[in-house]
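Colleague: 3D, please:
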Amino acid sequence: MSNQIGLLSFLLVSGIAWEQAPSAALAPHPSNGVLELSAKPILAYELRPQSKIAGVYGPWAGLVEITITNISKGVIRLAEIAPLSEFEAEVLDSAGQPVALTEAGALAAHSSGRFPGAISVSILDLAPSEQTTLRLDLSKRFEIKPGHAYKVIIRRSRGLPKTDADSKPVKNVEVGCSFDVPDYGILR
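Modeller: Predicted coordinates for the structure are as follows:
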């Protein structure tokens, strides 16, 4: 299997198919004046309340929590084919090199872009200051190894409004953010 780079548009529809996208030179901006995107690494498991924590940090296995917040003064409508289909992610190692794709990630990167089965579209209205949160498992497409350091970049432009609450065009529809995962893990 060839060593593929990993910037993918996530499409989780009956069998998970993702398309590969070109890497952007500039870091994404978290806000476009209408919406704000944030993401953070999370543990693959939750500790039971009665358990004793052996350490402050736990290994990161590829799970990410993504939050989109309406920062405008009006209701904003998001159109989603599948909630995770609208995001792109790039995972870099500690040397700044793209992390290899898993076998499933490489296969999906070369898919025709056609998706078998029914596709549903949902509309999500966010009131001012309202948020929507979802989880994304990057380990399904990237060869993420606990105990290694990574830089993760998350972007979204699909399904976002092109105008603000006053019907004025949004200058840059895309929102994005990044975070670093140290080799010693993430806070529990």
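
Colleague: does Leu37 count as helix, strand or coil?
Modeller: When classified by DSSP: H, G, I helix; E, B strand; the rest coil, Leu37 comes out as strand.

Colleague: ok, now how distant is it from Arg155?
Modeller: When distance is defined by Cβ to Cβ, to the nearest Å, Leu37 is 8 Å away from Arg155. In this view, the C-beta of every residue, glycine as well, is placed from N, C-alpha and C.

Colleague: Would you mind identifying the helix or strand in the chain with the lowest mean pLDDT?
Modeller: Sorting the helices and strands of the chain by mean pLDDT, DSSP states H and E puts strand 7-9 at the bottom, at a mean of 34.

Colleague: coming back round to it: residues that sit against both of Leu37 and Arg155, list them.
Modeller: Between them, Leu37 and Arg155 share the neighbouring residues Val175, Gly176, with contact defined by Cβ atoms under 8 Å, 6 or more residues apart in numbering.

Colleague: Low-confidence regions, this structure specifically.
Modeller: The chain contains residues with pLDDT under 70 at 1-27, 45-55, 83-85, 108-120, 188.

Colleague: Return the residues in contact with the residue nearest to the spatial centre of it.
Modeller: For the chain, the residue lying nearest the average C-alpha position, counting by Cα atoms, centre = their mean, turns out to be Ile154 (4.5 Å). Under the criterion of Cβ under 8 Å, 6+ apart, the contact list for Ile154 reads Pro28, Leu37, Ala39, Val64, Ile66, Phe87, Glu88, Ala89, Leu136, Gly176, Cys177, Ser178.

Colleague: Tell me which stretches of this structure form helices.
Modeller: Per DSSP state H, the chain has helices spanning 103-109. These are given in chain order.

Colleague: how distant is stretch 90-109 from the center of its chain?
Modeller: 14 Å (Cα atoms, centre = their mean, to the nearest Å).

Colleague: Now the buried members of the contacts of Ile154.
Modeller: Taking 16 or more other Cβ atoms under 10 Å as the criterion, what is buried in those is Pro28, Leu37, Ala39, Val64, Ile66, Phe87, Glu88, Ala89, Leu136, Gly176, Cys177.

Colleague: Quick check: the second one touching Val175?
Modeller: Yes - proximity of Leu37 to Val175 meets the contact threshold set by Cβ atoms under 8 Å, at 4.1 Å.

Colleague: any residues in contact with both of the two?
Modeller: Among the neighbours of Leu37, those also in contact with Val175 (Cβ under 8 Å, 6+ apart) are Pro30, Ser31, Ile68, Arg156.

Colleague: between those residues, which is closest to Val99?
Modeller: Of all the shared contacts of Leu37 and Val175, the one with the least separation from Val99 (Cβ to Cβ) is Arg156, at 20.0 Å.
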